[in-house]
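Chemist: kindly generate the corresponding structure for this input.
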Amino acid sequence: MVVSIDSSISQILGIEEGDILQIKIIGIEKPKITQTQVSPPEKLVEDNIERGAMLEITLPDPNVPGNIPSWKEYCLIPLSEKTGTRYFFPGYKVPFKIETDIGEIHTYVTAARDGTPIGSNAGNYIAKGFSKWYKNHTELQPGDVIIFEALDPGKRYKMYIKPRSKEQTVS
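Modeler: Numbering: from 1, shown residues only. Purely as a prediction, here's the structure:
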């Protein structure tokens, strides 16, 4: 089967021409557009995070042992309200940039409930634009740490992989 994906959808999914996708149709519904702009956002990242602040995100184990972790399979950066990693980045679907070793990624926080207002503190992942970055970092494993530095909080960040300790590299 050949599926044509609109460019706006491919940008949201962070996929590029030539990427291979597995698609499973689980139902067909008419999409409902219920997002609204929050004015002003609940908490502005710029007001809470200082320039130069750093955040470490440890890549988690898969939910099912033996499976590929979802962050690796779907090219995601996982965020959590419980650990506070969610609040380091701007509101839901608010665009920002991340400088990486392969170039700049234009992205936003995604994965919230239907009807979540744009700019709210919801969202569980950063996903858009990470396919190429993950393809260049096949060495990543659960337990590895990604570091984010706030260059211009709420607008621009720098991301890099924390080097593994000697204990992690000896298997």
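Chemist: centre of the chain to stretch 100-118, how far?
Modeler: Centre-to-centre, stretch 100-118 and its host chain are 6 Å apart (CA atoms, centre = their mean, to the nearest Å).
Chemist: give the rounded mean pLDDT of it.
Modeler: Across stretch 100-118, pLDDT averages out at 93.
Chemist: in that stretch, what's buried?
Modeler: 100, 105, 107-110, 112, 116-118 (16 or more other CB atoms under 10 Å). (Each C-beta comes from the backbone N, C-alpha and C, glycine too.)
Chemist: turn those into TSV, columns for secondary structure and distance to residue 88.
Modeler: Putting the buried residues of stretch 100-118 into TSV (DSSP: H, G, I helix; E, B strand; the rest coil; distance: CB to CB, whole Å) gives the following:
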residue	secondary structure	distance to residue 88
100	strand	16
105	strand	16
107	strand	14
108	coil	14
109	strand	10
110	strand	15
112	coil	16
116	coil	18
117	coil	20
118	strand	18
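Chemist: for those residues, which two are the farthest from each other?
Modeler: 100 and 117 (28.8 Å; CB to CB).
Chemist: backbone dihedrals for residue 134, both of them.
Modeler: phi -70, psi -40 (degrees, to the nearest 10).
Chemist: quick one, what contacts it?
Modeler: 72, 75, 140 (CB atoms under 8 Å, 6 or more residues apart in numbering).
Chemist: among the residues you listed, who's most crowded?
Modeler: residue 75 (22 neighbours; other CB atoms under 10 Å).
Chemist: residues contacting residue 108?
Modeler: So residue 108 contacts 90, 92-96, 126, 128 (CB under 8 Å, 6+ apart).
Chemist: what about 6 Å?
Modeler: 93-95 (CB atoms under 6 Å, 6 or more residues apart in numbering).
Chemist: of these, grab the buried ones for ChimeraX.
Modeler: Buried residues within the contacts of residue 108, by 16+ other CB under 10 Å, are selected in ChimeraX with:
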select :93,94
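Chemist: would you format the contacts of residue 108 as JSON lines with distance to residue 145 and secondary structure included?
Modeler: Formatted as JSON lines, the contacts of residue 108 follow (distance: CB to CB, whole Å; DSSP: H, G, I helix; E, B strand; the rest coil):
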{"residue": "93", "distance to residue 145": "26", "secondary structure": "coil"}
{"residue": "94", "distance to residue 145": "25", "secondary structure": "coil"}
{"residue": "95", "distance to residue 145": "25", "secondary structure": "coil"}
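Chemist: and the longest strand for the protein?
Modeler: strand 145-152 (DSSP state E).
Chemist: great, nothing more from me.
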